[in-house]
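1. for reference, the sequence and a predicted model appear below.
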Amino acid sequence: MITAEVILGLLYSSITLLTPLLLAGLAELLVERSGILNLSLEGTMLMGAFVAFMVAFYTGDLYYATLLASIAGAVLCLLFAILTITLALDQMVTGLALNLLTIGITSYLYRASFGWYVSPIPPHIQTTLQPIEIPVLSQILVIGKILFSHLPHTYAAFVLVFLTWWLLFKTEKGLKIRAIGEDPQTADYLGINVNLTRYALLILEGCIAGIAGSLLSIGYYNMFLDNMTQGRGYIAIALIILSRWNPLLLLGGAFLFSFIDALQLRIQAFNIPFLPYQFALMLPYLFTIVLLFVAGRKVKGPASLAKPFKKLR
Amino acid sequence: MLVVELRKITKVYPGGIVANYEVDFDLRKGEVHALLGENGAGKTTLMKILSGCLKPTSGSIYVEGREVKFNSPLDALKQGIGMVHQHFTLIPTMTVLENLRLGLIGQKFNMKHTLTEIEELSKILGFKVKLDSPIYALSVGERQRIEILRLLLSRARILIFDEPTSMLCGPEIDRFLQLLKSLSSNGYSIVLITHKIREAMRISDRITIMKMGRVITTLRTDEIDDESRLVELMVGERLMPTTTKVAPSFNKEPLLVVKNLVVNDDEGLTKVKDISFELYRGEILGIAGVEGNGQKELVEAIVGLRKPASGIITFRGKNDNLDGLNYIPAERVELGVAPTLSVAINSVLRSFDKEEFKKRGNTLNFGRINEFAKKVVSFMNVKTPSLKTPVKYLSGGNIQKIIVGREIITSSEILIAEQPTAGLDAKSAYYVRRALSELASKGVGILLISSDLDEILELSDRIAVISDGKFTRIFEREEADPVLIGSYMLAAEGAGYNARAATSAN
């Protein structure tokens, strides 16, 4: 039956599921504002999940795991930057290629380390990231439990929403980023270093997306699975379109998606007859498509998004 | 006192084209110096070198006596040199304030200080700045003024304008030229790149004439008593001053009927507000108006690029039969050509599905296509290395010639000509105008939309003035007079501005 308990649980896990989406989405949002469409966000998250798991498995240290996931993400995005900015390759094709590459590499290295055998229990780590209860605030009735008893990543993600918004719309750096995204030629003419800015943003995105991915393997689960990001990177990109490249709206969009995701987990658990669990699994993605259809049709992104830029001089 | 001196500037483009050859040029403090010449004479190249956008192959630049070298426009701006390009360097989705701020990158920024400075400068410039409105909501004239304001904010003392009046019309041009006067009297030194002789005569202190990459001569404007001498120097031959047009036949057969047309733009704003008119066989109907008053949407609705919100458009009595409709778009690269395809293909871009360009088996007949392309090229004197050259390698003027040529040659019933001579040199523009009036004599109905009021006055049988999406008046040829038309153009704006425009035009 639907009780208060169930609803509270639903909201709590919405916010949990929201975290990696929001982190990766905010980083990608900044990058897209500068005119780069980085589809390899998906692969970057997957790489983060893999590296974090491997480090945690062999050292048992979750801090190292997080740090190295972040570095691995940065390296992958740096590679994307070299290919798309310096060599001016097509951003979509490069992004997709890198994603296929990461799926292959992570699955291969996983098997190279643990062998091909399928044991009933896949390799797993002993401890995972633990939530931090914020004193006082977590004692507030109802809201306290839902909002203030999460992983530090969640708090960071919420703070980042406002930081990103402030950076984009209230600072000179943000003005430059938006100018580049609208018209890199003009930005260059006005003396803004287009390529340097894009490189910096992509490396930052790699760091954040790597950590976002690590949440899956060492935060929510204690193991790594093939392609365990399951399209979260793509979903983040879809949510950016829905949010009209605005961090505050992205928070709303990500919450809606996560809520449906949490809901479908419960639908599965309820074991409703005539409703196969695959249908429940499909719901969040179906929801994204419907929402894109309803709200994302007339949305205009940064004018130079995904277009290669070459200096004219 | 010389603020700028260019000595023996030579610029060879990577393709081997010599755009400037040993050019000398100087600029005095507080003067307006017009740089006059045909398309491709090398005016813009020279000034792009002075403003740091291009590097000279050889030669030297002196600013206030010191030799300087520029690696970027920002370097030039630091020496006080700024340029307003034909394509504005504003970001349309951002607000005026944000765009102004972008011009101050790399400098210490203090919002309060900048705001007071903006206020002081806009007093000198004589206009009010709407800091919070996005650039896309502004007219071309307003955008231009924002560009100027931005240069002044970043301490430019030497201002270069590249064909600044080419996208402005009547009253706005007057207003702009007034602005130049007040800038020069405030100590700013100005270079005005133009191919309009009248404009150079009216505003400048000195005129330098360029032709084929070289300076022909520099003259003091007040010592020139015959404008046609300038034409000779520029073009090398005398042109007939005006075209002659056979009056339309009395048989008033409407080719195009527009009834109660209402059109919205992409943002859902109503841009055309209940317009009705008829276009007759053999007449040229000119539409005059300040840019952004609904001309664009009106044309888009007629040619079928935009669905009208309401109203009826009929062609010779039929609703949706676009046969016999030809169109010269203002946005030539976006709508007129496929930039990566050849000159030949672009010449038949709108007619390649006709029988004459097909072989048996429905394949293209390239022999015929090349023949037709040759006709277009020779008719309009298009300068192209070959018929196979992709049009994106041609200059803007030559691209325009291809479009105008192919549309004029194939016109049979109705021609919608939007800014047909924009960006063309005097000679080509003259040929286009002559071709248009010949076409009308043959019975083609022409809708002429132009920001050049002189052109409209010269060609049109009737002149419709559009303002804020409505035809404020339709003049017959005899009763048309520029000052009167100017006041109708601004009918929707404030009465004060209206009166000022009317007096300054006198």
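-> All right, it came through fine. This one's a predicted model, so the numbers in the text were calculated from it and none came from an experiment.
2. elements contacting the longest helix seen in chain A?
-> Under DSSP state H, the helix in chain A containing the largest number of residues is helix A:4-33. Applying 3 or more CB pairs under 8 Å, 6 or more residues apart in numbering or on different chains; DSSP states H and E, we find helix A:4-33 packed against helix A:41-59, helix A:143-147, strand A:149-150, helix A:152-170, helix A:172-182, helix A:194-215, helix A:232-242, helix A:247-270. The way it works is simple: take the backbone N, C-alpha and C, and place the C-beta from them, glycine included.
3. with respect to B:V333, which of these lies nearest?
-> Of all those, helix A:172-182 sits nearest to B:V333, with 19.2 Å by CB to CB.
4. what's the burial count for B:E232?
-> By other CB atoms under 10 Å in any protein chain shown, 14 other residues sit near B:E232.
5. okay, now the residue lying closest to B:P73 once chain neighbours are set aside: neighbour count?
-> Of all residues not flanking B:P73 in the chain, B:G52 sits nearest, at 4.5 Å (CB to CB, 6 or more residues apart in numbering or on different chains). If you count neighbours by other CB under 10 Å, B:G52 ends up with 25.
6. okay, B:A491: pLDDT?
-> For B:A491, the pLDDT comes out at 65.
7. same question, B:L138
-> What the model reports as pLDDT for B:L138 is 88.
8. residues contacting it?
-> B:V96, B:K130, B:I146 (CB atoms under 8 Å, 6 or more residues apart in numbering or on different chains).
9. buried subset of the residues you listed as a ChimeraX selection?
-> One line in ChimeraX is enough to select the buried ones among these; burial here means 16 or more other CB atoms under 10 Å in any protein chain shown:
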select /B:96,146
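10. host element of B:G311?
-> B:G311 is part of strand B:310-315 when elements are defined by DSSP states H and E.
11. burial count for the residue of the stretch 1-150 of chain A found nearest chain B?
-> Here the stretch 1-150 of chain A gets closest to chain B at one residue, A:R33, 11.5 Å apart by CB to the nearest CB. As a burial measure, A:R33 scores 26 neighbours (other CB under 10 Å).
12. chain B contacts on chain A?
-> A:172, A:175-176, A:178-179, A:182-183, A:186-187, A:189-192, A:303, A:313 (CB under 8 Å from any CB of the partner chain).
13. so, low pLDDT: which residues of chain A?
-> A:1-2, A:116-119, A:312-313 (pLDDT under 70).
14. mind doing that once more with 90?
-> In the predicted model of chain A, residues A:1-9, A:114-124, A:126-127, A:131-149, A:265-301, A:306-313 satisfy pLDDT under 90.
15. chain A contacts on chain B?
-> B:53-55, B:72-74, B:77, B:89-94, B:98, B:101-103, B:105-106, B:109.
16. narrow those residues to those that are buried.
-> Buried, going by 16+ other CB under 10 Å: B:53-54, B:72-74, B:77, B:89-91, B:93-94, B:98, B:101-103, B:105, out of those.
17. where is pLDDT lowest across the contacts of B:L138?
-> B:K130 (88).
18. against A:S304, how distant is it?
-> Counting by CB to CB, to the nearest Å, the gap between B:K130 and A:S304 amounts to 26 Å.
19. which residue does chain B have closest to chain A?
-> Among all residues of chain B, B:L74 sits closest to chain A, at 3.7 Å; criterion: CB to the nearest CB.
20. with adjacent residues omitted, what lies nearest to that residue?
-> A:G191 (3.7 Å).
21. ok so, going back, does the residue of chain B closest to chain A touch B:G106 like I think?
-> Yes: B:L74 is in contact with B:G106 according to CB atoms under 8 Å; the separation is 7.1 Å.
22. between these two, what contacts are shared?
-> Both B:L74 and B:G106 are contacted by A:G191, under the criterion CB under 8 Å, 6+ apart.
23. what about the residue nearest to B:L74, neighbour count?
-> As a burial measure, A:G191 scores 18 neighbours (other CB under 10 Å).
24. and the one 5 residues further on, by the same measure?
-> The local packing count at A:L196 equals 10, with neighbours defined by other CB under 10 Å.
25. how much space between it and chain B?
-> Separation of A:L196 from chain B (CB to the nearest CB, to the nearest Å): 13 Å.
26. wait, what's in contact with residue 277?
-> If you meant another chain, say so; for now it's chain A. A:I267, A:Q268.
27. not quite, I wanted chain B
-> When contacts are counted by CB under 8 Å, 6+ apart, B:F277 touches B:V258, B:L285, B:A464, B:F471, B:I474.
28. mind checking which of the residues you listed are in strands?
-> B:V258, B:L285, B:A464, B:F471, B:I474 (DSSP state E).
29. with adjacent residues omitted, what lies nearest to the last one?
-> Using CB to CB, 6+ apart and skipping the chain neighbours, the partner closest in space to B:I474 is B:A464 (4.6 Å).
30. report how many residues lie close to the one you found.
-> Residues near B:A464, counting by other CB under 10 Å: 22.
31. and for B:L159?
-> Using other CB under 10 Å: B:L159 sits among 25 other residues.
32. quick check: mean pLDDT of the helix or strand where it lies?
-> Take DSSP H and E as the rule and B:L159 turns out to sit in strand B:158-162. The average pLDDT within strand B:158-162 is 96.
33. now do the helices in the stretch 51-200 of chain B.
-> B:73-78, B:96-102, B:111-125, B:140-153, B:170-185, B:197-203 (DSSP state H, counting those that start in this stretch).
34. what's the answer for the stretch 251-400 of chain B, then?
-> Assigned by DSSP H, counting those that start in this stretch, the helices in the stretch 251-400 of chain B fall at B:295-303, B:343-347, B:366-380, B:396-410.
35. ok, back up a step: what residues are bridge-paired with the residue nearest to B:I474?
-> B:I287, B:I474 (DSSP bridges).
36. re earlier: so what does the residue nearest to B:L74 have for phi and psi?
-> Main-chain dihedrals, A:G191, degrees, to the nearest 10: phi 100, psi 20.
37. what does A:T94 give?
-> The phi/psi pair for A:T94 (degrees, to the nearest 10) is phi -60, psi -50.
38. what's it in contact with, if anything?
-> A:T94 makes contacts with A:S40, A:F80, A:L83, A:T84, as judged by CB under 8 Å, 6+ apart.
39. tally of neighbours for B:M111?
-> B:M111: 9 surrounding residues under other CB under 10 Å.
40. hmm, I was thinking of B:L151
-> Quick note: B:L151 (other CB under 10 Å) scores 22 neighbours.
41. quick check: the closest residue to chain B within the stretch 51-200 of chain A vs B:I414, distance?
-> Relative to chain B, the nearest point of the stretch 51-200 of chain A is A:G191 (3.7 Å; CB to the nearest CB). Separation of A:G191 from B:I414 (CB to CB): 48 Å.
42. same question for A:T128.
-> In terms of CB to CB, A:T128 sits 74 Å off from B:I414.
43. those two: who's more crowded?
-> It is B:I414, of A:T128 and B:I414, that has more neighbours when counted by other CB under 10 Å, with 23 against 17.
44. identify the bridge partners of that one.
-> With DSSP bridges as the criterion, B:I414 is bridged to B:L325, B:G445.
45. tell me the confidence at it?
-> For B:I414, pLDDT reads 92.
46. lovely, talk soon.
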